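*Asks:* Let me see the structure of the following:
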Amino acid sequence: MARTSIKFVCQECGYESVKWMGKCSACGAWNSMVEEVESSRSRGGREDSVFSSNPFGSSQIERIGKIPSQLERRFTTGFGECDRVLGGGIVSGSLILIGGDPGIGKSTLLLQLSHNLAASGHKVLYVSAEESATQLKLRAERLGTVEDELYVLAETDLELALHGVEKLKPDFLVIDSIQTVYRPALTSAPGSVSQVRESTALLLRVAKTLNIATFIVGHVTKDGNLAGPRMLEHMVDAVLYFEGERHHTYRVLRAVKNRFGSTNEIAIFEMKEEGLAEVKNPSEMFLSERSQMTPGSAVVAALEGSRPLLLEVQALVAPTSFGTPRRMATGADYNRVSLIMAVLEKRLGLKLQSSDAYVNLAGGVRVEEPAIDLGVALAIASSFRDRPLRAGDVYIGEVGLTGEVRSVAKLEQRVREADKLGFTRCLVPAHSLRGWKPPGQIEVVGISTLTNAMELAL
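*Replies:* Next up, the predicted model:
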């Protein structure tokens, strides 16, 4: 008879203890210790006779220069935007984790990707642990993603699902989701730390052994982080977040980890009745509803990976009714906005201590790079003085604590994007113009201080 033992596992970090504690001693989370029963029997279960214990083949010490080089075999997803985020396509045998808020469109995205891959002649298995096969068929008919090479398995037992994988031998595998599948060898409930960790480890072994590119859907917590142990993100090859406001039609796919490409790229989709559609020109989309000659509105050029984005920064400064003025920032870093307001008050003499200030990046996008500082500062000053900024201007630059405007990376790409969309002038850091010829017909003006920028823009 198998021996069992009781342990308590933190659902936030995976820390194990022999007794219950109100506060986890590893991560400090309260009321996160959950009782689990651990069996002494082999955790390998049924899959040990099927999949090799070493997915990377025979192990031996080799000189790195003597190891034969191999080109990565990549498969296109049918979405150019998604290929950009993945570094050029899906690498064979990779394990990719996709997280996002409930109802944001993770299953819709993966069902459309599965259809595109199946339509190109690849065999795809979609394992659904949250919906029945009939429900998945209804969704596929609505999205127009019914394809002969797309196979569906409604199963929550991961080991049974993987025996189906061995029998079908698909090129691509989708697990929806990792929190709802379970391994019978473990007595803990689905979604617990032990189940998520062991299930992901098994999927990693299967992906590498059978060379199957695998997508895993992961739930997120109320803080926006992937549920389960942090180890989950270390085990997979790529971690993608599907972001966006539920009441907005636009979604952003962002890579926060990618062993086969850059982690700075984003893909933008629009949610329509027939599913997700790529946004080929996001700058034009973000500026399509911008009102002209309105105080508090400025256009900035941000950079996400290799893609420049023109975004509208909106600011509203109004007299406060309370002793402490209110500050809010949506899409921009709150601490960065507070810093810029302090610089405006100290260096330019704007009396903002008695005013509420609200800053918003239109379109629901989030940007943290300092290149938008100049646009944020000018939008706040424009709203405070109730004077619109000069029409046709784009603002690029980082603002320092002494009021100087500092240079930013890849200025030429940002200016070229502004020229392509018909803007007439760019205010950029003067230091960046040394030995550089502006592209196109757009006028580029170098500025060195925030005071200089205010004189030119207002």
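
*Asks:* I'd guessed Arg74 sits against Gly93; true?
*Replies:* No - counting by CB atoms under 8 Å, no contact exists between Arg74 and Gly93, whose distance comes to 11.3 Å. All C-beta atoms are positioned from the backbone trio N, CA, C, and that covers glycine.

*Asks:* buried ones in the longest helix along the chain?
*Replies:* In the chain, with assignment by DSSP state H, the single longest helix is helix 193-210. Judged by neighbour count using 16 or more other CB atoms under 10 Å, the buried positions of helix 193-210 are 193-200, 202-210.

*Asks:* Just list what it packs against, helices and strands only.
*Replies:* On a contact count with 3 or more CB pairs under 8 Å, 6 or more residues apart in numbering; DSSP states H and E, helix 193-210 meets strand 4-10, strand 95-100, helix 158-168, strand 172-176, strand 213-218, helix 231-235.

*Asks:* Now do it against strand 213-218, angle only.
*Replies:* Angle of helix 193-210 versus strand 213-218, following axes from the mean of the first three to the mean of the last three CA atoms, to 10 degrees, is 170 degrees.

*Asks:* Quick check: mean pLDDT of helix 193-210?
*Replies:* Average pLDDT, helix 193-210: 90.

*Asks:* close enough to count as contact, Ala457 and Gly392?
*Replies:* No - judged on CB under 8 Å, Ala457 makes no contact with Gly392 at a distance of 11.1 Å.

*Asks:* Give me the more crowded residue out of those two.
*Replies:* For Ala457 and Gly392, the more surrounded residue by other CB atoms under 10 Å is Ala457, and the numbers stand at 24 against 15.

*Asks:* how distant is whichever strand or helix holds Val152 from the center of its chain?
*Replies:* Assigning secondary structure by DSSP states H and E places Val152 in strand 150-154. In terms of CA atoms, centre = their mean, to the nearest Å, the centre of strand 150-154 is set 27 Å apart from its chain centre.

*Asks:* Show me what it packs onto, helices and strands only.
*Replies:* If you count contacts as 3+ CB pairs under 8 Å, 6+ apart, strand 150-154 packs onto helix 106-119, strand 124-128, helix 133-143, helix 158-168.

*Asks:* To Ala371, which of those lies closest?
*Replies:* helix 106-119 (29.1 Å; CB to CB).

*Asks:* counting contacts, what elements does that closest one pack onto?
*Replies:* Applying 3+ CB pairs under 8 Å, 6+ apart, one finds that helix 106-119 contacts strand 95-100, strand 124-128, helix 133-143, strand 150-154, strand 172-176, strand 213-218, strand 275-278.

*Asks:* need the helix or strand of this protein with the lowest average pLDDT.
*Replies:* strand 33-39 (a mean of 72; mean pLDDT, DSSP states H and E).

*Asks:* what's across from the residue nearest the centre of the chain in the sheet?
*Replies:* Nearest to the geometric centre of the chain sits Arg254, at 2.8 Å (CA atoms, centre = their mean). Applying DSSP bridges to Arg254 yields these beta-bridge partners: Tyr241, Ile266.

*Asks:* quick one: it from Ile268, how far?
*Replies:* 10 Å (CB to CB, to the nearest Å).

*Asks:* wait, what's in contact with Arg366?
*Replies:* 243, 331-332 (CB atoms under 8 Å, 6 or more residues apart in numbering).

*Asks:* And His247, what's its pLDDT?
*Replies:* 68.

*Asks:* Got the domain ranges for the chain?
*Replies:* 4-39, 73-280, 285-457 (automatic domain parsing).

*Asks:* So for Ile61, which of those sits nearest?
*Replies:* domain 73-280 (19.9 Å).

*Asks:* Run a quick neighbour tally on Val181.
*Replies:* 28.

*Asks:* For the nearest residue to it once chain neighbours are set aside, grab the count of nearby residues.
*Replies:* Among residues not flanking Val181 along the chain, Leu158 sits closest, at 4.4 Å (CB to CB, 6 or more residues apart in numbering). The tally of other residues near Leu158 (other CB under 10 Å) stands at 27.

*Asks:* Many thanks, we can stop here.
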